[in-house]
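Asker: Quick one: sequence and predicted model below, then my questions.
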Amino acid sequence: MAEVKVSIRNLYKIFGDTPEKALEHVKAGMTKPELMDQQSHALGLNNINLDIPAKGIQVIMGLSGSGKSTLIRHLNRLIEPTSGEIWIDGEDVLAMDAKQLRDLRRFKMSMVFQKFGLLPHRTVLENALYGLEIQGVAAKEAEESARKWLDRVGLAGFEEQYPSQLSGGQQQRVGLARALATDADILLMDEAFSALDPLIRTDMQSILLELQEELHKTIIFITHDLDEALNIADGIAILRDGEIIQSGDPQDIIMKPADAYITDFIKDINRAKVVRLRSIARKGETGAGETLRGGMSIEQALPMLTRASDHTCPVVSRTGEPLGAVKLDDAINALKPIESEGDDVRYA
């Protein structure tokens, strides 16, 4: 079982003059709209429980106002909760004093912002080494590290330019280099690529995944873009009105949506590109076709399934362990959208 890096327990956040009193109404079942109408308080987070494994990419997503950015800002206590617990590496974040909290923010966590967060009067190099300055790293060592990470994100040669001279994608690369330079265990990425054009966003996702293959950071990534989430996530938690509606393996969410809201949320995805063979493999079975990897998409696998004499291919994990077999008919059926009727979910 994967090591838990961040554990969130019974977390509530209510904005208003008397949040503790309003919390009683929420625990009694009052909804977000009712709380605003009757108590003039805003429900930010509603009983969040989530374990985030180490060394993976946890995506937290939802529509605007769902609470995703509020949640990520609780992890480094930029926002204080109304009630609940946050544990990082077994340490109680809410019990930390001012010095412990500063150390958490300086050494254990780095943050990449949607609006880049670069200092306009500092050069690219000076921005990239800023976090190391805060950590107290010697100037020469900080500059060497910053240059290394700027090179890794494709910005070698841009060190003496200023943010205003860069494109949006280049500015976000500086932000990523700055976060990586601190060597923090945890990266908090709040809508980090949302301000970028689609092609640049896809390029940044690829850079992130390539770096993650090497670095194995714990990345907590906020987005409202389902395609982005499915491209990068090891786990997804979907929020609505401050509450987690469904969380888990992205493939489980695609194949087994918890309710009509999740079904509607995923209805427009390109299932051929995002459904993986491991999700539809029949355990214990085999086939005459060539062996396929469980991480392959249906789109990638269709030619091999069509060529196989029995239209069936064995499937193995990344490490070569048998996962079963996929039949062409199962692959085609998995492409059909899942429909919702009221509060019920109906599989096409």
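Answerer: Right, received. Where do you want to start? Numbering: from 1, shown residues only.
Asker: in the strand or helix carrying residue 33, what counts as buried?
Answerer: For residue 33, the element it lies in under DSSP states H and E is helix 32-39. Using 16 or more other Cβ atoms under 10 Å as the test for burial, helix 32-39 gives 32, 35-36, 39. For every residue, glycine as well, the C-beta is placed using N, CA and C.
Asker: Go through the residues you listed and name the one nearest residue 16.
Answerer: residue 39 (7.2 Å; Cβ to Cβ).
Asker: where's the closest one relative to residue 10, distance?
Answerer: To residue 10, residue 39 is 20 Å away according to Cβ to Cβ, to the nearest Å.
Asker: Repeat that for residue 276.
Answerer: The gap separating residue 276 from residue 10 is 33 Å, by Cβ to Cβ.
Asker: Could you list every helix and strand in contact with the helix holding residue 33?
Answerer: Contacting helix 32-39 under the criterion 3 or more Cβ pairs under 8 Å, 6 or more residues apart in numbering; DSSP states H and E are the following elements: helix 19-27, strand 42-53.
Asker: outside of whichever helix or strand comes after the longest one, which residues touch it?
Answerer: Yep, that's strand 42-53 we're talking about. Sequence order places strand 57-62 as the next helix or strand after strand 42-53, per DSSP H and E. With contact meaning Cβ atoms under 8 Å, 6 or more residues apart in numbering, strand 57-62 is reached by 52, 68, 71-72, 208, 212, 218-226, 229, 232-240, 250.
Asker: Does residue 246 belong to a helix, a strand or coil?
Answerer: Assigned with DSSP: H, G, I helix; E, B strand; the rest coil, residue 246 falls in the strand class.
Asker: One more: residue 309?
Answerer: Quick answer, by three-state DSSP: residue 309 is coil.
Asker: How about residue 257: what's its closest non-neighbour residue?
Answerer: residue 263 (4.4 Å; Cβ to Cβ, 6 or more residues apart in numbering).
Asker: Nearest the geometric middle of the chain, what residue?
Answerer: Central residue check for the chain by Cα atoms, centre = their mean: the C-alpha nearest the mean position is that of residue 59, 1.9 Å away.
Asker: nearest residue to that one other than its sequence neighbours?
Answerer: Nearest residue to residue 59, sequence neighbours excluded (Cβ to Cβ, 6+ apart): residue 233, at 4.0 Å.
Asker: May I have the residues that are in contact with the one you found?
Answerer: Applying Cβ under 8 Å, 6+ apart, we find residue 233 in contact with 57-59, 221, 250.
Asker: Kindly report the same for residue 22.
Answerer: By Cβ under 8 Å, 6+ apart, the neighbours of residue 22 are 14, 16, 35, 39, 41.
Asker: between those, which is nearest residue 143?
Answerer: Nearest to residue 143 among these, counting by Cβ to Cβ, is residue 14 at 45.0 Å.
Asker: ok, that closest one to residue 75 distance?
Answerer: Per Cβ to Cβ, residue 14 is found 18 Å from residue 75.
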